[in-house]
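*Asks:* Mind looking at a prediction? Sequence and model below.
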Amino acid sequence: MGKKRDESSSLPDLSSHLDSSCGPDLASEPDSSCEPDLASNRDSSGEPDLASHPVLSRMAGEHRRLSQGPPYLARSIDWPTFRRAELPDCSDEDLRVEALARDETIPSSWYVRPEFHEADEASILAASWQFAGAVQDLANPGEFVRVRVAGQPVIIVRGNDGEIHAFYDVCRHRGGPLSVKPGSRCMLQCRYHGWTYRMDGQLRGVPDFDYVELFDKKDFSLIPVEVGTWQGLVFVRLRDGEPTLGEWLAGIAERIAPWTLTAKKRAHKESYEIACNWKVYVDNYLEGYHLPLVHPELSKLLDYRRYVTEVGEWSSLQHSPFSGEDHPYADPNAPDEEGRAFYYFVFPNFMLNILPGRLQTNRVVPLGPDRCRVEFEYFYDDLDSAASAGRVKDDVRSSDDVQQEDIEICEDVQQRLASHVYDRGRFSVKRESGVHHFHSRLRRSYAKLPE
């Protein structure tokens, strides 16, 4: 059975990491004690002489390649390479995308075989934009958030230059975790051995490295990660490629107008660990076909007869008016307007549930071939009125009721996908175009793997 995590345990309390008071300006003072003693190993130009040290030369080149690979880590990291021949059911026939009315669902092996867990992380999640938090968590220099993306630790910081930067949360010394060292100009510091980095990732302080030969700090900068913001939300991507962040989220802001998401304030976080493959959970999110049987109360709230799914290049939208006038999501700014609910899915694992005055984000995180975690964040226009606390409490309770119903059916489906009698099925043209869109994008992603 899925396990619910309360907000206090699901994500870190960022307030304990922030210090606006800072301290001495460390960036303006050189740290000569940390400079390596290379006097006996420099050439006539003053640079380290690596010619007579082929092993050290190779190491230095590799470190420089990682920290300076343009424009991001994407072209520098040697990601695991998966070949289609190594994955079950990845022939040209399996990967062919057909029209919805003629297509089959993806093979059951894609949900249950362990080979797909690492392939999904390296080939799909790492190459896709991933939700990482809210800009409100990075309001001031030195504020930071941590997130795991495709199994990799990432730290996102507001730099002294006012810009948002993202790096692998991995010290270049021996892999220690990073934190912000407060000061009038904050620095990143390894919590293991104290190596310090400027907020742009450049290595600055290296304690007790005086006698290390042929060591150049510029070769050991933090590994950068691509980062961008949209409507007050922060996204990162580990591997370079298409689409841009704007292309990935194209059309959403225009469709929900005049609503905007930028000014919404977070009120609550929740997460659920579920005994199913992440793709099972996404499939379930992407159709309203199951509403009458699995969610009878929610089905009463939404007008199921007018429940519509639209698909785009990278996203799909499910939307429905509310049934009747007596519902908790009336827009106080437009009381005469028919209530609206927008449920956006953006490939491969991000959801935006947009209702009057509210935003709920979902990120589905693979934990293994048959486990995932779904992270919820609740944002509101109003957190100051007397009614706001009760509204948040009611929303969280209602959402939890729906999640418990989803968890039960998703875990049951996961078990049956492993049955010897099931391989693949068909789509309802009327109700499952969103699932078909997701499966088509998965097929296109696997088709990019070398044979």
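*Replies:* Looks like it came in fine. All figures in this text were calculated on a predicted structure; none of them were measured in a lab.
*Asks:* contacts and neighbour counts: CA atoms only from here.
*Replies:* Fine.
*Asks:* Was I right to think Asn362 contacts Phe376?
*Replies:* Yes. In this structure, Asn362 is within contact of Phe376 by Cα atoms under 8 Å, at 4.8 Å.
*Asks:* Find the residue at the geometric middle of the protein.
*Replies:* In the chain, the centroid-proximal residue (Cα atoms, centre = their mean) is Gln130; its distance is 2.8 Å.
*Asks:* So which residues of the stretch 301-450 of the chain form strands?
*Replies:* Along the stretch 301-450 of the chain, counting by DSSP state E, counting those that start in this stretch, strands occupy 308-311, 315-321, 340-346, 350-355, 358-368, 371-380.
*Asks:* any chance of those strands in JSON lines, with distance to Leu291, mean neighbour count and mean pLDDT too?
*Replies:* Below are those laid out as JSON lines (distance: least, Cα to Cα, whole Å; neighbours: other Cα atoms under 10 Å; pLDDT from 0 to 100):
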{"stretch": "strand 308-311", "distance to Leu291": "13", "mean neighbour count": "17", "mean pLDDT": "95"}
{"stretch": "strand 315-321", "distance to Leu291": "12", "mean neighbour count": "21", "mean pLDDT": "90"}
{"stretch": "strand 340-346", "distance to Leu291": "14", "mean neighbour count": "20", "mean pLDDT": "92"}
{"stretch": "strand 350-355", "distance to Leu291": "16", "mean neighbour count": "20", "mean pLDDT": "96"}
{"stretch": "strand 358-368", "distance to Leu291": "19", "mean neighbour count": "21", "mean pLDDT": "98"}
{"stretch": "strand 371-380", "distance to Leu291": "19", "mean neighbour count": "21", "mean pLDDT": "98"}
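*Asks:* Go through these and name the closest to Asn140.
*Replies:* Smallest distance to Asn140 across these (Cα to Cα): 20.1 Å, for strand 371-380.
*Asks:* Would you mind getting the angle between the closest one and strand 350-355?
*Replies:* Interaxial angle of strand 371-380 relative to strand 350-355 (axes from the mean of the first three to the mean of the last three Cα atoms, to 10 degrees): 30 degrees.
*Asks:* and strand 371-380, what does it pack onto?
*Replies:* Applying 3 or more Cα pairs under 8 Å, 6 or more residues apart in numbering; DSSP states H and E, we find strand 371-380 packed against strand 265-274, helix 278-285, strand 358-368.
*Asks:* Try it again at 7 Å.
*Replies:* Judged by 3 or more Cα pairs under 7 Å, 6 or more residues apart in numbering; DSSP states H and E, strand 371-380 is in contact with strand 265-274, strand 358-368.
*Asks:* Tell me the strands beside the last one, with direction?
*Replies:* Read it as strand 358-368. strand 350-355 (antiparallel), strand 371-380 (antiparallel) (DSSP bridges).
*Asks:* The last one vs strand 265-274, what angle?
*Replies:* Put simply, strand 371-380 runs at 160 degrees to strand 265-274, going by the same axes, to 10 degrees.
*Asks:* Low-confidence ranges, this protein, go.
*Replies:* Scanning the chain for pLDDT under 70 picks out 1-76, 184, 323-339.
*Asks:* re earlier: could you dump the strands paired with strand 358-368 into CSV with distance to Phe438 added?
*Replies:* Output for those, formatted as CSV (distance: least, Cα to Cα, whole Å):
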stretch, distance to Phe438
strand 350-355, 12
strand 371-380, 17
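*Asks:* Out of these, which gets nearest to Ser440?
*Replies:* Closest to Ser440 of the strands paired with strand 358-368, according to Cα to Cα: strand 350-355, at 16.5 Å.
*Asks:* nearest to Pro141, of the strands paired with strand 358-368?
*Replies:* Closest to Pro141 of these, according to Cα to Cα: strand 371-380, at 23.1 Å.
*Asks:* export the helix or strand hosting Gln189 as PDB, just CAs?
*Replies:* For Gln189, the host element (DSSP states H and E) is strand 187-190. Extracted in PDB, the C-alpha atoms of strand 187-190 (Å, rounded to 0.1, in the frame of the first residue of the first chain):
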ATOM      1  CA  MET A 187      29.800  31.000  -1.000                       C
ATOM      2  CA  LEU A 188      29.100  27.300  -1.500                       C
ATOM      3  CA  GLN A 189      31.000  25.000   0.800                       C
ATOM      4  CA  CYS A 190      31.400  21.300   0.900                       C
END
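*Asks:* for that strand, packing partners?
*Replies:* So strand 187-190, by 3+ Cα pairs under 7 Å, 6+ apart, packs with strand 178-181, strand 196-197.
*Asks:* Show me what the first one is packed against.
*Replies:* The contact analysis (3+ Cα pairs under 7 Å, 6+ apart) places strand 178-181 against strand 187-190.
*Asks:* quick one: strands adjacent to the strand it packs on?
*Replies:* strand 178-181 (antiparallel), strand 196-197 (antiparallel).
*Asks:* Tell me which of these approaches Met187 most closely.
*Replies:* Met187 lies closest to strand 178-181 among the strands paired with strand 187-190, at 5.0 Å (Cα to Cα).
*Asks:* So which residues make contact with that closest one?
*Replies:* Strand 178-181 is contacted from outside by 142, 169-171, 186-191, using Cα atoms under 7 Å, 6 or more residues apart in numbering.
*Asks:* Go ahead and build a ChimeraX selection from the buried members of those residues.
*Replies:* Buried residues among these (16 or more other Cα atoms under 10 Å), as a ChimeraX selection:
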select :142,169,170,171,186,187,188,189,190
